[in-house]
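A.B. asks: whatever this is, show me its structure:
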Amino acid sequence: FSSQNYQFDKGFAGGKFCATFGAIVIDIRNADIVNNCVIDAKATFGGIDIYVPSDVRVVVKSNSFFGGVSDKTNKNLPPDAKTIFINSSNLFGGTDVK
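C.D. replies: Below you'll find the model as predicted:
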């Protein structure tokens, strides 16, 4: 029933995040993103907000039950843009990628 904020300002190579009856904010806008990194995000009766740089491509794979994923990232990127893969599982919760 609480929230946690994660802000990455140096290198970011992916990670696993789980929000249960609470919220998580992951801010990697100022981080040096490792290409093809993976974020595993699991929200159960909670929510996860992921803030990504505007020059990074995001590919979302989702498995949701009474929840979902919203991907509001930039889709007009060059073919050589770095990519982040997000595996999202939501049970009565959600993941927002901004």
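A.B. asks: strands of this structure, start to end?
C.D. replies: 3-7, 11-20, 23-27, 32-44, 47-51, 57-65, 68-71, 83-91, 94-97 (DSSP state E).
A.B. asks: for Leu77, which of those is the nearest?
C.D. replies: Checking the strands of the chain against Leu77 by C-beta to C-beta gives strand 57-65 as the closest, at 5.2 Å. Every C-beta, even on glycine, is put in place using the N, C-alpha and C of the backbone.
A.B. asks: now the closest one: buried residues?
C.D. replies: Of the residues in strand 57-65, those buried by neighbour count under the rule 16 or more other C-beta atoms under 10 Å are 57-58, 60, 62, 64.
A.B. asks: then it to PDB, C-alphas only?
C.D. replies: C-alpha atoms of strand 57-65 as PDB (Å, rounded to 0.1, in the frame of the first residue of the first chain):
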ATOM      1  CA  ARG A  57      12.200   2.300 -29.200                       C
ATOM      2  CA  VAL A  58       9.900   0.300 -26.800                       C
ATOM      3  CA  VAL A  59       8.600  -3.100 -27.600                       C
ATOM      4  CA  VAL A  60       5.900  -4.300 -25.200                       C
ATOM      5  CA  LYS A  61       4.800  -7.900 -24.600                       C
ATOM      6  CA  SER A  62       1.800  -8.100 -22.200                       C
ATOM      7  CA  ASN A  63      -0.100 -10.700 -20.300                       C
ATOM      8  CA  SER A  64      -3.000  -9.100 -18.500                       C
ATOM      9  CA  PHE A  65      -6.100 -10.100 -16.600                       C
END
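A.B. asks: partner strands of it and their direction?
C.D. replies: strand 83-91 (parallel) (DSSP bridges).
A.B. asks: what's next to the partner strand, contact-wise?
C.D. replies: With contact meaning C-beta atoms under 8 Å, 6 or more residues apart in numbering, strand 83-91 is reached by 14, 33, 35-45, 48, 50, 52, 56-69, 95, 97.
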